[in-house]
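Asker: Build me a model:
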Amino acid sequence: MVGRIAALRRFISRLDENVIPLYQMLKKTDNWTDAADKALEALKKQLAEPPILVAPIDKEPMVLYVTANNKAISVAVVVERKEAGKDYPVQRPVYYVSKVLIESKQKYPHW
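Answerer: Numbers count the residues shown, from 1 in each chain. Okay, the predicted model is just below:
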């Protein structure tokens, strides 16, 4: 299961951060928890309605969004494009990266 989730990292924004309860459950021998159930349902919803990644155009400006907390780091690269029927440019994702921090990195970050 962890390998399958890891393979989806580049396609779903903040994936690792959203499935932390599933990772925690897999590390322990505890039974299924409500937090793990909610995380699985959120993952199913994200997979049912994934954003469409776009290919960048040569020399097109890109925007980098970084989200970090004490458990995970996520990055999204997006482009803004004018689209027909829209008054303002629309942001479309190009790439996602997310990483859950192991326990030692949560407690003792490297400077």
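Asker: Spatially nearest residue to residue 20 (excluding sequence neighbours)?
Answerer: Nearest residue to residue 20, sequence neighbours excluded (Cβ to Cβ, 6 or more residues apart in numbering): residue 71, at 5.7 Å. C-beta: built from backbone N, CA, C; applies to glycine.
Asker: wait, isn't residue 54 in contact with residue 94?
Answerer: Yes - between residue 54 and residue 94 a contact is recorded at 6.1 Å, counting by Cβ atoms under 8 Å.
Asker: Which residues are in contact with each of these two?
Answerer: When Cβ atoms under 8 Å, 6 or more residues apart in numbering defines a contact, the residues bordering residue 54 and residue 94 alike are residue 79.
Asker: The residue nearest to residue 20 and residue 19: what is the separation?
Answerer: Applying Cβ to Cβ, to the nearest Å, the value for residue 71 to residue 19 is 11 Å.
Asker: who's more crowded, the two?
Answerer: Neighbour comparison, residue 71 and residue 19: the larger count goes to residue 19, with 26 against 15 (by other Cβ atoms under 10 Å).
Asker: mind listing the helices in this structure by residue range?
Answerer: Using DSSP state H, the helices of the chain run over 2-7, 15-18, 20-27, 34-48, 103-107.
Asker: least reliable of the ones you listed going by mean pLDDT?
Answerer: Lowest mean pLDDT of the helices of the chain: helix 2-7, a mean of 56.
Asker: Run a quick neighbour tally on the nearest residue to residue 63 once chain neighbours are set aside.
Answerer: The shortest distance from residue 63 to any non-neighbouring residue, by Cβ to Cβ, 6+ apart, is to residue 78 (5.0 Å). Look at residue 78: counted by other Cβ under 10 Å, it has 21 neighbours.
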